[in-house]
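Visitor: Below are the sequence and a predicted model; questions follow.
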Amino acid sequence: MSEFTPRFLADYQPSPYRIHQTRLVIDLDDHKTKVTSQLSMEKVATDSQPLELDGEHLTLVSLLVDGKEIAESNYSVSDSSLVIEGLSGEFTLDIVTEIDPANNTALEGLYKSGQAYCTQCEAEGFRRITYYLDRPDVMSIFTTKVIGDKASYPYLLANGNPVERGQLENGKHFVTWHDPFPKPCYLFALVAGDFDLLADTYTTSSGKDVALEIFVDKGNRSKAEHAMASLKHSMRWDEETFGLVYDLDIYMIVAVDFFNMGAMENKGLNVFNSKYVLADTASATDVDFFNIEAVIAHEYFHNWTGNRITCRDWFQLSLKEGLTVFRDQQFSADMHSAAVTRIKNVKVLRAQQFAEDAGPMSHPIRPEKVMEMNNFYTLTVYEKGAEVIRMLHTLLGKQGFRAGMDRYFEKFDGMAVTCDDFVNAMAEANNRDLSIFKRWYGQSGTPEVTIEKRYFDERLHLTFSQVTPASPSQPEKQALHIPIKVEFIKPASNEVIEELLELKSESETWSFDVPQSTVVAPFAEFSAPVKVHFEQSDDELLSIVEHAKDSFSVWEAGQSILRKEVVRLMQNDNDEISESVMRTFQAVIDADIDPAFKALMLTLPSFDEVTGSEQNVNAQALVEVLERLKIFVANVFEQPLLSLFDESRKSINSDAQSAPGQRALSSVVLNYLAVKPEHHELVSKLFGNADNMTDQLAALTIAVRQQTSGAGTLLQKFEQQWINDTLVMDKWFSVNTNIPSSDLFAHMEALKTRPDFEMTNPNRVRALVGAFAMQNPKQFHCKSGQGYNFLANMVVEMDKLNPQVASRLITPLIQREAFSGEYQKLMTQALETIIQSPQLSKDITEKLNAALAEQ
Ligand code: TRP
Ligand code: ZN
């Protein structure tokens with residue numbers, strides 16, 4: 001398993017060669033696409049290094065240097081490169097390669113999604129199109145001529161502006177595109193197909209009209225309206241918030257069904273997973289609408305943070321991703337409820353990024369060692385990366401952060417830079433020393449902060465101590481610069497005081513002139529991505545629930561009470577539910593608060609949220625305790641929950657603005673009520689009356705999880721209604737994996753044999769396999785090991801077709817640390833079966849090596 005070699009950040013060297021101009025002619029054909037590449041190049045290094053172009057899965061047809069053939073002894077071709085000797089000064093290369101897009105199931109490089117051709121080049125997919133310096137610090141001006149059959153591919157798209165089009169013989173036509181902005185090849189894109197086009201224009205704050213074009217499969221035009229509105233909102237927001245204005249005359253988005261990730265920010269030509277474009281109320285949920293807006297914004301924001309300023313090397317990925325996730329989170333917060341958006345972001349971070357940071361693939365937001373770059377598009381680089389940017393925002397304030405962003409663009413526009421460059425711009429613009437802060441970029445693991453509270457000399461003394469647990473690659477961890485927002489709730493008056501503390505050493509004590517029984521709510525807004533240890537009584541937590549100003553603190557205090565309860569119940573299995581849990585629920589049910597926020601307050605910690613912070617977890621015991629708590633709440637609060645359900649259903653029609661929140665609240669409430677068979681009627685009524693996917697899917701999911709007597713019929717009805725809608729059928733596959741009994745395994749085998757279950761479509765595979773592992777902890781962690789083995793087999797099968805997607809699916813099997821020994825052992829056995837399989841990809845090999853080295 002050692003045939004692959006890692007790369008190290010420390011080994012970075014600038015490229016000895018530059019590519020000034022890239023002129024491509026791509027003549028499309030299913031199995032023999034011809035790629036002609038003319039590169040105007042220059043050798044900038046003075047030593048004798050040969051030119052090493054990257055290339056994979058290519059057939060070299062011809063090679064000319066300055067228009068002439070060269071001796072065979074002057075170049076060599078391997079399965080990953082084309083090496084040319086004897087080049088110097090300025091020269092031109094003409095390279096012709098042939099590729100096979102129709103057999104490209106990895107979905108990297110040029111491939112077919114249904115009837116259309118499209119490309120995915122990030123991180124290192126361009127090398128599957130032609131031989132090139134496939135690294136982000138090589139930036140070039142691209143001119144792309146696309147040739148294709150006119151009837152089948154009326155639209156021929158690439159980056160930049162169209163400059164020429166015309167007819168050719170044999171029913172072919174061509175369009176030539178020119179992108180005036182130098183860019184790395186990972187931002188190259190080409191799309192050819194027959195689409196419906198939704199077109200609009202946007203007038204920038206500088207008065208320029210930009211053509212906005214969204215291309216979708218025929219018949220789906222009306223489902224692109226929300227994406228278009230989201231794009232315009234994003235453009236306005238970036239002008240208003242950061243003074244960033246769009247720079248080309250045209251901005252195109254294409255939605256495709258076969259896609260490895262969410263979307264891709266190719267310059268002027270974004271390619272999206274159709275799941276993040278298409279929506280109408282009948283077929284998409286409120287959450288889908290929210291996510292589409294966020295992903296559209298994310299890719300749009302990349303035009304400045306990613307494209308205009310890009311990464312020097314892939315170790316710097318968080319330079320663009322952490323920053324852009326932070327920007328899209330701020331945008332969502334401004335468009336909707338800031339409190340609810342923040343809490344949802346924190347839930348994802350704590351449930352998933354914390355597990356990653358404790359697992360075998362733990363890495364800093366700027367990794368030091370990478371074998372397969374695709375393995376580093378992670379929650380750590382993206383979500384923790386965004387938290388690191390957010391901490392800068394907290395430390396520098398809104399205006400200071402903006403000043404730092406302005407400085408960053410002044411200094412680095414048009415360049416490929418590092419995370420250090422970004423932090424230096426922030427430090428300079430604010431005249432601040434951020435040298436300790438920079439440790440966040442190089443240190444992996446989740447820091448743990450312990451808080452001790454003492455009262456003497458009429459002052460409250462708070463001691464904050466930090467520890468980051470050692471990891472194999474980093475046995476010694478350093479103290480980090482941690483911003484801590486604290487709220488003090490004074491007794492009697494309940495007056496609230498806020499402070500921002502900056503912990504920069506292992507331990508520090510601050511003292512405050514407040515009365516003795518002042519309640520402390522630390523890490524308001526979740527001001528740092530850390531685990532907090534702070535002994536607080538239930539009364540203190542309840543006081544935070546009732547009086548804290550910051551909504552995150554309110555939610556967190558409620559969740560702390562519930563988490564404590566879960567942990568206690570896991571230890572004493574025949575214990576009663578505590579009084580504090582009852583008081584919390586009562587307070588929340590009675591509170592006059594935003595329904596979306598109330599829904600979050602009434603949601604129990606998820607299985608993953610518990611395993612993200614606990615250790616030695618008995619998975620089945622956890623499933624059972626969460627179920628028991630749910631039943632308890634349903635029994636004790638049956639009447640108030642029924643009224644809450646009625647009220648929220650009524651207000652949906654009267655107030656469109658709060659309808660998504662009300663729908664979320666009603667489904668959280670119904671989820672409790674449905675543990676009682678006498679309320680199953682409500683579930684089938686919600687399904688039957690639903691005029692929108694949010695309610696229909698919520699009802700179906702609850703029916704399946706509770707195995708109501710009508711569940712099977714509802715699954716059938718849903719299937720009949722939506723059989724021709726791929727994205728909705730993905731939801732149907734996912735709901736099927738929620739079946740709580742062990743019949744599930746036979747059922748999933750049957751689902752796999754359906755003609756509409758295609759292993760080559762990542763959305764469909766994730767809908768079945770990913771959903772099973774993430775949404776059904778009871779069967780995934782079943783003691784027979786069947787759940788782990790099912791996943792292991794699917795990973796092996798998928799790895800042969802699409803390593804990138806296989807490598808994401810394996811995640812729940814390698815994150816074993818939270819579980820007790822018996823589960824860890826079964827997971828390891830499943831991993832050992834994977835390793836038996838011949839010819840595993842670099843992606844899977846890197847993860848297995850890391851996971852099995854731990855044992
Ligand atoms: N840059 C993309 C984003 O975050 C991520 C991405 C899309 C990607 N498709 C990919 C990364 C394929 C690796 C491989 O918006
Ligand atoms: Zn991104």
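Guide: Nice, thanks for sending it over. Everything numeric in this text was worked out from a predicted model, so none of it was measured. Numbering: from 1, shown residues only. Ligands and ions are numbered 1, 2, ... in the order given.
Visitor: Below-threshold pLDDT in the chain: ranges please.
Guide: Counting by pLDDT under 70, the low-confidence segments of the chain come to 1-2, 573, 855.
Visitor: Could I get the contacting residues of the residue in the stretch 751-855 of the chain positioned nearest to ligand 1?
Guide: Going by C-beta to the nearest ligand atom, ligand 1 is nearest to Q804 of the stretch 751-855 of the chain, at 6.3 Å. Placement of C-beta: from N, CA and C, glycine included. Contact criterion C-beta atoms under 8 Å, 6 or more residues apart in numbering gives 106-108, 260, 374, 843 as the residues in contact with Q804.
Visitor: Any chance of a ChimeraX selection covering the buried ones in the residues you listed?
Guide: Entered in ChimeraX, the line below selects the buried ones among the contacts of Q804, by 16 or more other C-beta atoms under 10 Å:
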select :106,107,108,260,374,843
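Visitor: Redo the contacts of Q804 as TSV? Include secondary structure and distance to ligand 2.
Guide: Supplementary listing: the contacts of Q804 in TSV, determined by DSSP: H, G, I helix; E, B strand; the rest coil; distance: C-beta to the ion, whole Å:
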residue	secondary structure	distance to ligand 2
A106	coil	20
L107	coil	17
E108	coil	17
N260	coil	13
N374	helix	14
D843	helix	19
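Visitor: Widest-spaced pair of the contacts of Q804?
Guide: The largest separation in these, counting by C-beta to C-beta, is between L107 and D843 at 13.0 Å.
Visitor: wait, is H178 part of a strand?
Guide: Yes - checked against DSSP: H, G, I helix; E, B strand; the rest coil, H178 lies within a strand.
Visitor: what's the burial count for it?
Guide: For H178, the number of neighbouring residues by other C-beta atoms under 10 Å comes to 17.
Visitor: Contact partners for whatever residue of the chain ends up closest to ligand 1?
Guide: Residue nearest to ligand 1 within the chain (C-beta to the nearest ligand atom): M261, separated by 3.6 Å. M261 makes contact with 273, 377, according to C-beta under 8 Å, 6+ apart.
Visitor: Over to the residue in the stretch 1-150 of the chain that ligand 2 sits nearest to. Which of the three states is it?
Guide: As assessed by C-beta to the ion, ligand 2 sits closest to E122 within the stretch 1-150 of the chain, at 8.9 Å. In three-state terms, and counting by three-state DSSP, E122 is coil.
Visitor: Next up, the contacts around it.
Guide: For E122, the residues meeting the contact criterion (C-beta under 8 Å, 6+ apart) are 186-187, 264.
Visitor: So T509 is in contact with R459, correct?
Guide: No - at 10.7 Å, T509 does not count as touching R459 under the criterion of C-beta atoms under 8 Å.
Visitor: W440 versus Q478, what's the distance?
Guide: In this structure, Q478 lies at 10 Å from W440, with C-beta to C-beta, to the nearest Å as the measure.
Visitor: and the gap between the residue of the chain most remote from its centre and I451?
Guide: Distance from the C-alpha centroid of the chain, by C-alpha atoms, centre = their mean, peaks at D457 (49.0 Å). Between D457 and I451 the distance, using C-beta to C-beta, works out to 19 Å.
Visitor: ditto for Q120
Guide: 46 Å.
Visitor: try D406
Guide: 36 Å.
Visitor: Look at those two and report which has more neighbours.
Guide: Here D406 and I451 are set side by side on neighbour count (other C-beta under 10 Å), and the busier one is I451, at 18 against 14.
Visitor: give me the number of residues near the nearest residue to the more buried one once chain neighbours are set aside?
Guide: Using C-beta to C-beta, 6 or more residues apart in numbering and skipping residues adjacent in sequence, the residue nearest I451 is F534, 4.1 Å away. Applying other C-beta under 10 Å, we find 17 residues neighbouring F534.
Visitor: Please list all residues in contact with F534.
Guide: Contacts of F534 were listed using C-beta under 8 Å, 6+ apart, and they are 450-451, 453, 520, 522.
Visitor: Pull the number of nearby residues for the residue in the stretch 351-500 of the chain that ligand 2 sits nearest to.
Guide: Residue of the stretch 351-500 of the chain nearest ligand 2, by C-beta to the ion: Y382 (7.2 Å). Using other C-beta under 10 Å, Y382 has 21 other residues around it.
Visitor: How about N616?
Guide: N616 has 12 neighbours, counted by other C-beta under 10 Å.
Visitor: One more: Y12?
Guide: Here the number of neighbours of Y12 (other C-beta under 10 Å) works out to 14.
Visitor: just checking, it touches W314?
Guide: No - with contact defined as C-beta under 8 Å, Y12 does not reach W314; the gap is 10.2 Å.
Visitor: Output the set of residues of this structure in proximity to ligand 1.
Guide: Residues of the chain found near ligand 1, taking C-beta under 6 Å from any ligand atom as the criterion, are 120, 122-123, 260-261, 263-265, 298-299, 321, 374, 377.
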